[in-house]
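Asks: can't give you the sequence, but here's the structure:
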């Protein structure tokens with residue numbers, strides 16, 4: 001594949017290394033010094049796909065350009081999901097190809113599916129109170145992480161006793177219907193996410209700890225390979241469903 005790399009920070013650099021290992025080439029690079037939103041279609045002519053790990057403030061402008069230009073794109077940037085309906089319409093209007101995920105680690109996808117499997121039982125065991133904790137390095141631009149919000153959303157969807165995610169510090173008694181999602185920014189932590197169900201006698205914990213950025217990059221490149229020849233708006237979960245079905 002010929003890849004347009006949008007965002008050449010730490011994740012973009014990891015994607016470039018993984019892509020080279022797998023025989024793909026970086027056809028074009030865009031960064032703050034060469035903004036993608038200022039580019040012309042000619043700048044990505046010959047690219048098969050874009051992989052975008054840029055900034056939340058730029059995500060919607062980038063996505064609109066991918067759709068208008070007919071450039072398939074894998075979006076690892078978060079912070080735009082409130083506009084998912086708008087993006088879905090752009091994809092439909094332009095018959096575009098877009099795959100997004102808050103986290104491209106296959107391990108996180110396993111955690112997500114494990115939670116989906118146990119939530120029906122925990123919905124009946126209402127003595128267990130769930131919460132989400134995440135830790136990332138100090139250079140991460142969003143808080144909480146998109147993955148933590150996704151996990152919190154899963155708990156809200158799967159537990160009748162919970163109806164919203166609360167991400168703010170609580171200076172009073174927390175609403176019993178809230179799932180508290182907390183964040184810590186420290187050091188060079190690649191990413192840790194823990195979902196805990198606290199009961200009167202024990203705790204159940206499901207978690208994921210990233211060892212390095214290469215796992216996220218490998219998932220993004222695999223998603224780009226899978227997206228080839230497809231049209232529509234996809235999540236990583238949809239890709240995994242397809243892989244499991246053979």
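Replies: Right, received. Where do you want to start? Keep in mind that this is a model prediction, so the values were computed, not measured.

Asks: pull the longest helix from this structure.
Replies: In terms of residue count, the longest helix belonging to the chain (DSSP state H) is helix 106-124.

Asks: Check the spacing between residue 80 and residue 117 real quick.
Replies: Distance, residue 80 to residue 117, using CB to CB, to the nearest Å: 29 Å. (Each C-beta comes from the backbone N, C-alpha and C, glycine too.)

Asks: More neighbours: which of the two?
Replies: Between residue 80 and residue 117, counting by other CB atoms under 10 Å, residue 80 is the more crowded of the two (20 against 10).

Asks: how about the closest residue in space to the more buried one that isn't next to it in sequence, secondary structure?
Replies: Using CB to CB, 6 or more residues apart in numbering and skipping residues adjacent in sequence, the residue nearest residue 80 is residue 59, 4.2 Å away. Here residue 59 is recorded as helix under DSSP: H, G, I helix; E, B strand; the rest coil.

Asks: got the contact list for residue 59?
Replies: Shown in contact with residue 59 (CB atoms under 8 Å, 6 or more residues apart in numbering): 52, 75, 77-80.

Asks: ok, now with 10 Å
Replies: Residue 59 makes contact with 6, 52, 75-81, 83, 87, 100 under the criterion CB atoms under 10 Å, 6 or more residues apart in numbering.

Asks: Report all helices and strands that the longest helix of the chain contacts.
Replies: Helix 106-124 is packed against strand 129-136, helix 146-158, strand 192-198, strand 203-209, helix 214-227, helix 236-245, with contacts defined by 3 or more CB pairs under 10 Å, 6 or more residues apart in numbering; DSSP states H and E.

Asks: who wins for proximity to residue 169 among the ones you listed?
Replies: strand 129-136 (13.3 Å; CB to CB).

Asks: I'd like the secondary structure assignment at the residue positioned nearest the centre of the chain, please.
Replies: Nearest residue to the geometric centre of the chain (CA atoms, centre = their mean): residue 102, 1.0 Å. The three-state label given to residue 102 by three-state DSSP is coil.

Asks: mind checking the backbone torsions on the residue nearest to residue 212 when sequence neighbours are not counted?
Replies: Leaving aside its sequence neighbours, residue 212 sits nearest to residue 190 (CB to CB, 6+ apart; 5.9 Å). Here is the backbone geometry of residue 190 (degrees, to the nearest 10): phi -70, psi -40.

Asks: Disregarding residues adjacent in the polypeptide, which is nearest to residue 198?
Replies: Once flanking residues are discounted, residue 198 sits nearest to residue 129: 5.1 Å by CB to CB, 6+ apart.

Asks: Pull the residues that contact the worst-scoring helix or strand of the chain on mean pLDDT.
Replies: The helix or strand of the chain with the lowest confidence, counting by mean pLDDT, DSSP states H and E, is helix 236-245 at a mean of 86. Helix 236-245 has contacts (CB under 10 Å, 6+ apart) with 74, 76, 99-106, 108-110, 112-113, 116, 150, 219-220, 222-223, 225-227, 230, 232, 234-235.
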